[in-house]
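[1] A structural model of the following input is requested.
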Amino acid sequence: MRPLRVVFLALNSPGYRSLGCAYVRAYAQHDRRLSGAAAFTTLDLDAGTDPWWVAYRVLGLQPDVVAASVMCWSARDTYEALRIVKAAAPDTFVVAGGPEVSPIGEDVLADHPEIDAVVAGEGELTFADLLAARIQSRPLERVEGIVYRSPDGEVRSTPPRQLPSDLDVLPSPYLTGILQPVDGATYIETYRGCPHRCGYCFEGKGSTRIRAFSKQRVEAEIDLIASTPGVRSFSFIDPVFNLTQERLAWLSKVLGPYAQEGARIHTVEVDIERIDDEAALLLAEAGVVSVETGPQTTGADALSACRRAFDRDRFVAGVEACKRRGIRVECDLIVGLPGDTIGDSFESMRFCIGLDPGKIQTSTLRVLPGTDFFERADELGVVFDPEPPHEVICTREASFVDLRRAEVRLTWLQRQYEARA
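    Numbers count the residues shown, from 1 in each chain. A predicted model of the protein is given here:
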């Protein structure tokens with residue numbers, strides 16, 4: 001009997017490839033139950049690619065299973081491509097995973113008949129179990145951590161899967177050769193979870209529990225990536241790069257020798273309020289050239305709604321410490337946060353411009369599935385588009401027209417600052 005043909009599909013930012021799909025594939029390829037029983041291919045395509053062309057690429061591989069990574073900004077095109085795939089090859093089993101679908105699997109299956117199952121939560125163990133069940137003709141109700149469409153068409157959920165405490169059970173996409181490092185488009189993950197629970201964010205997948213890969217594993221990935229010819233710049237997807245001073249010191253020591261040879265780390269996310277001169281020196285010695293941080297807003301009411309702390313003096317001190325070491329700071333601002341008036345948004349912009357951080361990035365609030373804002377939208381007075389990317393329509397504090405005008409004016413201020421910086 002021929003192996004089950006499995007195609008991973010991801011629509012990425014141009015030049016990038018899906019680290020999530022690579023992790024899921026790496027685990028599945030090394031699962032003994034699937035050895036010789038499944039064959040894997042990954043289609044990493046650019047977001048914005050015509051869904052009909054995406055479907056053409058997928059169908060050309062004659063898949064038995066399509067596993068799609070769905071992000072808020074690529075969801076519409078991904079759904080359209082999957083719809084075409086299912087119409088052309090109805091027997092194809094379509095699985096969706098990723099932050100856009102994981103928290104709302106039942107809704108996704110109700111709205112998208114082209115999808116047969118959704119992976120809820122981290123996908124490595126769950127997807128391998130799902131494939132094993134398909135190969136062995138076992139009922140999907142025994143697979144933990146999925147929402148699926150039963151043979152009678154009913155949408156059902158299975159119990160959640162316990163997260164693996166030892167992340168080293170997940171094979172490295174880089175060390176296994178599934179992903180080849182690309183200059184400027186390669187990311188390393190050193191831990192999962194996030195110490196913060198910001199209302200608008202799904203970065204930690206809803207968990208404040210930190211689970212880390214071993215230092216030996218991380219060091220091996222860094223060595224492979226930084227030693228790859230042509231790779232001079234890479235990054236980390238950790239929600240907070242300076243999670244602890246001890247961890248930052250360790251990463252700086254590991255990355256230091258490569259930094260001395262010219263390797264650079266670009267745009268890692270940091271808690272800027274915890275950066276002093278010592279931490280900034282560690283960042284510089286690690287080869288970090290730019291960091292990304294908040295404040296998202298300086299408005300007290302919006303900060304309260306977001307469940308974010310903000311210490312103005314420490315924020316300023318952190319930016320200045322980075323600047324003294326030649327590290328560019330990207331200050332992020334979100335337009336349309338509940339609690340923020342339009343005046344608050346402009347006051348936040350004035351604060352950031354006054355810091356002269358190097359870069360200011362404004363974006364419109366997206367009320368993402370799985371976030372606190374998604375669950376509390378009515379309570380907070382937030383009206384948002386139920387279709388991805390779920391942009392805010394209006395809030396109690398700002399009308400639709402006011403928000404659209406603010407977007408234009410704040411974007412203009414951002415560009416004026418960039419032209420001057």
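[2] residue 83: neighbour count?
    The criterion is other CB atoms under 10 Å. On that basis, residue 83 has 17 neighbouring residues. (C-beta placed from N, C-alpha, C; glycine too.)
[3] wouldn't it be in contact with residue 115 here?
    No: under the criterion of CB atoms under 8 Å, residue 83 lies out of contact with residue 115, with a separation of 9.2 Å.
[4] domains of the chain?
    For the chain, the structural domains run 4-157, 181-420, going by automatic domain parsing.
[5] mean pLDDT and distance to residue 174 added to those domains, as a markdown table?
    As requested, the domains of the chain are exported to a markdown table (pLDDT from 0 to 100; distance: least, CB to CB, whole Å):
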| stretch | mean pLDDT | distance to residue 174 |
| --- | --- | --- |
| domain 4-157 | 97 | 8 |
| domain 181-420 | 96 | 5 |
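[6] quick one, what contacts residue 366?
    Applying CB atoms under 8 Å, 6 or more residues apart in numbering, one finds that residue 366 lies in contact with 72, 200, 384, 389, 390, 391, 392.
[7] tell me how many other residues crowd the nearest residue to the first one once chain neighbours are set aside.
    The one in question is residue 72. If you skip the residues right next to it in sequence, residue 72 has residue 389 as its closest partner in space, 4.2 Å away by CB to CB, 6 or more residues apart in numbering. When neighbours are defined as other CB under 10 Å, residue 389 has 17 of them.
[8] can you show me the strands along the stretch 301-421 of the chain?
    For the stretch 301-421 of the chain, strands defined by DSSP state E, counting those that start in this stretch occupy the ranges 328-335, 358-364, 383-384, 392-394.
[9] highest mean neighbour count out of those strands?
    Each of the strands of the stretch 301-421 of the chain was given a mean neighbour count from mean count of other CB atoms under 10 Å, and the largest, a mean of 21, is that of strand 328-335.
[10] check which helices and strands that strand sits against.
    Contact analysis of strand 328-335 by 3 or more CB pairs under 8 Å, 6 or more residues apart in numbering; DSSP states H and E lists strand 290-296, helix 312-324, helix 342-355, strand 358-364, helix 400-420 as its packing neighbours.
[11] taking strand 358-364 as reference, get the angle to it.
    Angle of strand 328-335 versus strand 358-364, following axes from the mean of the first three to the mean of the last three CA atoms, to 10 degrees, is 20 degrees.
[12] go ahead and name everything in contact with strand 328-335.
    The list of residues contacting strand 328-335 from outside it, by CB under 8 Å, 6+ apart, reads 200, 267, 272, 289-297, 319, 322-323, 345, 348-349, 352, 355, 357-365, 403, 406-407, 410.
[13] centre-most residue in this protein?
    Centroid-nearest residue in the chain, with CA atoms, centre = their mean: residue 203, separated by 6.3 Å.
[14] gap between that residue and residue 401?
    Note on residue 203: its distance to residue 401, by CB to CB, to the nearest Å, is 31 Å.
[15] picking that back up, winner for burial among the helices and strands packed on strand 328-335?
    Between these, the one whose residues have the most neighbours on average, counting mean count of other CB under 10 Å, is strand 290-296 (a mean of 22).
[16] alpha carbons only: can I get it in PDB?
    The C-alpha coordinates for strand 290-296 follow below in PDB (Å, rounded to 0.1, in the frame of the first residue of the first chain):
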ATOM      1  CA  SER A 290      17.000  46.300  16.800                       C
ATOM      2  CA  VAL A 291      14.400  45.600  19.400                       C
ATOM      3  CA  GLU A 292      10.600  45.800  19.400                       C
ATOM      4  CA  THR A 293       8.500  46.900  22.300                       C
ATOM      5  CA  GLY A 294       5.300  48.700  23.400                       C
ATOM      6  CA  PRO A 295       4.000  50.900  24.800                       C
ATOM      7  CA  GLN A 296       0.900  50.100  22.500                       C
END
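[17] beta partners of residue 187?
    Beta-bridge pairing of residue 187, defined through DSSP bridges, involves residue 235.
[18] before we move on, which element is the closest residue to residue 173 other than its chain neighbours in?
    Excluding its sequence neighbours, the residue lying closest to residue 173 (CB to CB, 6+ apart) is residue 22, at 3.5 Å. Residue 22 belongs to helix 19-29 when assigned by DSSP states H and E.
[19] contacts for that helix?
    Defining contact as CB under 8 Å, 6+ apart, one finds that helix 19-29 is touched by 6, 8-10, 34, 38, 40, 42, 44, 67, 69, 97-98, 123-125, 127-128, 131, 170-173, 176, 178-179, 187, 189, 237.
[20] filter those to the buried ones?
    When the contacts of helix 19-29 are checked for burial by 16 or more other CB atoms under 10 Å, the buried set is 6, 8-10, 34, 38, 40, 42, 44, 67, 69, 97-98, 123-125, 127-128, 131, 170-173, 178-179, 187, 189, 237.
[21] quick check: buried residues in stretch 127-144?
    Using 16+ other CB under 10 Å, the residues of stretch 127-144 that count as buried are 127, 128, 129, 130, 131, 132, 133, 134, 135, 140, 143, 144.
[22] ok, the fifth one - contacts?
    Residue 131 is in contact with 4, 6, 28, 31, 34, 38, 65, counting by CB under 8 Å, 6+ apart.
[23] any chance of those residues in CSV, plus distance to residue 48 and secondary structure?
    What follows is the contacts of residue 131, written out as CSV (distance: CB to CB, whole Å; DSSP: H, G, I helix; E, B strand; the rest coil):
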residue, distance to residue 48, secondary structure
4, 30, strand
6, 25, strand
28, 28, helix
31, 33, coil
34, 33, helix
38, 30, strand
65, 25, strand
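[24] can you list these in a markdown table and add distance to residue 227?
    Shown next, in a markdown table, are these (distance: CB to CB, whole Å):
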| residue | distance to residue 227 |
| --- | --- |
| 4 | 35 |
| 6 | 31 |
| 28 | 27 |
| 31 | 29 |
| 34 | 31 |
| 38 | 31 |
| 65 | 35 |
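[25] before we move on, back to that, residue contacts, the residue nearest to residue 72?
    By CB under 8 Å, 6+ apart, the contact set of residue 389 is 72, 73, 75, 366.
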